[in-house]
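1. sequence and predicted structure are below.
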Amino acid sequence: QDESNPDRSVAFYSQDMNQGMQERMRIESGLRQALGNGELILYYQPKFEIGSDRIVGAEALVRWMHPTRGLVPPSEFIPLAETTGLIVQVGEWVLEQACAQAAIWQRAGLPPFRLAVNVSAREFTPALPVRVAETLARYQLDPSWLELEITESTLMHDFERVTAIMDRINQLGVALSLDDFGTGYSSLSYLKRFPIHTLKIDRSFTCGIPDDASDCAIAGTIISMAQQLGLRVIAEGVETLEQLAFLREAGCDEVQGYLYSKPVPALDFERCLRENWLLVA
Ligand code: C2E
Ligand code: MG
Ligand code: MG
Ligand code: MG
């Protein structure tokens, strides 16, 4: 046993730790380079309004086109970027790219929709609304085209500070939504204190609809609470017609998920938007 040989267990432990650290440093320096080399790319996933069947929004989701590993999903580098602080530079790139693309769509005369950008807790500083205002101005992008998705972890920080940042974002005309709603530890009283427009029901609840009674109850309760608070509500991770039927019945405003479309490159999203426009027009 390791316990009979403390030196060995220490050796194992530090070897593991070294491997973990080396892996993290490898990813971090790779990501730094990726930012400079233009290896990051945004995919877009449409959000459908249930009542009208129209695309009313899209979520920008970052991917890393790694020269040897191919398309790397955000789960493999965003959490690391969050702990090292590199998320700030990644976030700057994402906002810039999303606004540039939205401005192209705005100028092309496409039907307006809100493009949502994910913002990590570490990016949620007083510098954020300044950067958002500056980026909107530079691309002459109407603020109604932009939305920021934050998670409950962002709300857990200093209340006054977070509220001030949110207020400034709202004053710009940019909407805020609460992502992965129901999975964090924030108290519900936050909902009446923060200026938030939309609740996004987490995929882990959508997933259990319609078979899991608890998930149905939670999703249904979030929807009716949103309605009573005057908030919009969207379900993420909608994959089946049964889930859509349940959400429609419960009064959910919007859906996003593989049932409609996976996140796709800009040109594919644009085609999807034009087709949707023709169909419902
Ligand atoms: P999220 O913001 O909750 O994004 C939703 C995730 O669910 C996306 O994963 C999306 O592809 C996936 N998804 C959507 N519909 C379905 C479905 O029907 N079934 C299944 N199985 N999955 C679905 P993705 O693109 O891998 O992103 C994962 C997470 O990475 C995001 O979760 C977000 O937290 C983070 N992320 C992505 N892009 C950015 C970014 O630009 N900045 C920051 N800070 N975080 C980002
Ligand atoms: Mg999101
Ligand atoms: Mg989410
Ligand atoms: Mg998530």
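-> Thanks, I have it. Ligands and ions are numbered 1, 2, ... in the order given.
2. quick check: residue 206 touching residue 238?
-> Yes: at 5.8 Å, residue 206 counts as touching residue 238 under the criterion of C-beta atoms under 8 Å. Every residue, glycine included, has its C-beta placed from N, CA and C.
3. overlap in contacts of the two?
-> 247, 257 (C-beta atoms under 8 Å, 6 or more residues apart in numbering).
4. quick check: closest non-adjacent residue to residue 56.
-> Closest residue in space to residue 56, ignoring its immediate chain neighbours: residue 49 at 4.5 Å, by C-beta to C-beta, 6 or more residues apart in numbering.
5. now the one you found: how far from residue 118?
-> 21 Å (C-beta to C-beta, to the nearest Å).
6. which SS class is whichever residue of the stretch 151-281 of the chain sits closest to ligand 2?
-> The minimum distance from the stretch 151-281 of the chain to ligand 2, using C-beta to the ion, falls at residue 179 (4.2 Å). Put simply, residue 179 is strand when judged by DSSP: H, G, I helix; E, B strand; the rest coil.
7. what sits closest to it if chain neighbours are left out?
-> Once chain neighbours are set aside, the closest to residue 179 by C-beta to C-beta, 6+ apart is residue 149, at 4.3 Å.
8. is the helix or strand containing the one you found anywhere near ligand 3?
-> According to DSSP states H and E, residue 149 maps onto strand 146-151. No: using C-beta under 5 Å from the ion, strand 146-151 never reaches ligand 3; the gap is at least 7.0 Å.
9. most centrally placed residue in this structure?
-> The centre of the chain sits closest to residue 118, judged by C-alpha atoms, centre = their mean, with a distance of 3.7 Å.
10. what about residue 80, neighbour count?
-> Using other C-beta atoms under 10 Å, residue 80 has 16 neighbouring residues.
11. nearest spatial neighbour of it, chain-adjacent residues omitted?
-> residue 27 is the one closest to residue 80 (C-beta to C-beta, 6+ apart), at 5.6 Å.
12. hmm, residue 83 and the one you found touching each other?
-> No: in this structure, residue 27 is not within contact of residue 83 by C-beta under 8 Å, at 11.0 Å.
13. ok, the two, which is more surrounded?
-> residue 27 (19 against 11).
14. what mean pLDDT does whichever strand or helix holds that one get?
-> Using DSSP H and E, residue 27 sits in helix 6-37. Averaging pLDDT along helix 6-37 gives 76.
15. check contacts around the closest residue to residue 30 other than its chain neighbours.
-> Closest residue to residue 30 apart from its sequence neighbours, by C-beta to C-beta, 6+ apart: residue 66 at 7.5 Å. By C-beta under 8 Å, 6+ apart, residue 66 lies in contact with 30, 34, 39, 72.
16. now do the strands in the stretch 151-281 of the chain.
-> Using DSSP state E, counting those that start in this stretch, the strands of the stretch 151-281 of the chain run over 175-181, 198-201, 232-236, 254-256.
17. for those strands, give me TSV that also has mean neighbour count.
-> Shown next, in TSV, are these (neighbours: other C-beta atoms under 10 Å):
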stretch	mean neighbour count
strand 175-181	23
strand 198-201	26
strand 232-236	25
strand 254-256	24
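18. redo the ones you listed as CSV? Include mean pLDDT.
-> Listed next are the strands of the stretch 151-281 of the chain as CSV, based on pLDDT from 0 to 100:
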stretch, mean pLDDT
strand 175-181, 96
strand 198-201, 97
strand 232-236, 98
strand 254-256, 98
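19. reformat the ones you listed as a markdown table; add distance to residue 268.
-> Below are the strands of the stretch 151-281 of the chain laid out as a markdown table (distance: least, C-beta to C-beta, whole Å):
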| stretch | distance to residue 268 |
| --- | --- |
| strand 175-181 | 23 |
| strand 198-201 | 23 |
| strand 232-236 | 19 |
| strand 254-256 | 16 |
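20. could these go into TSV alongside distance to ligand 1?
-> Below are these laid out as TSV (distance: least, C-beta to the nearest ligand atom, whole Å):
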stretch	distance to ligand 1
strand 175-181	5
strand 198-201	7
strand 232-236	6
strand 254-256	6
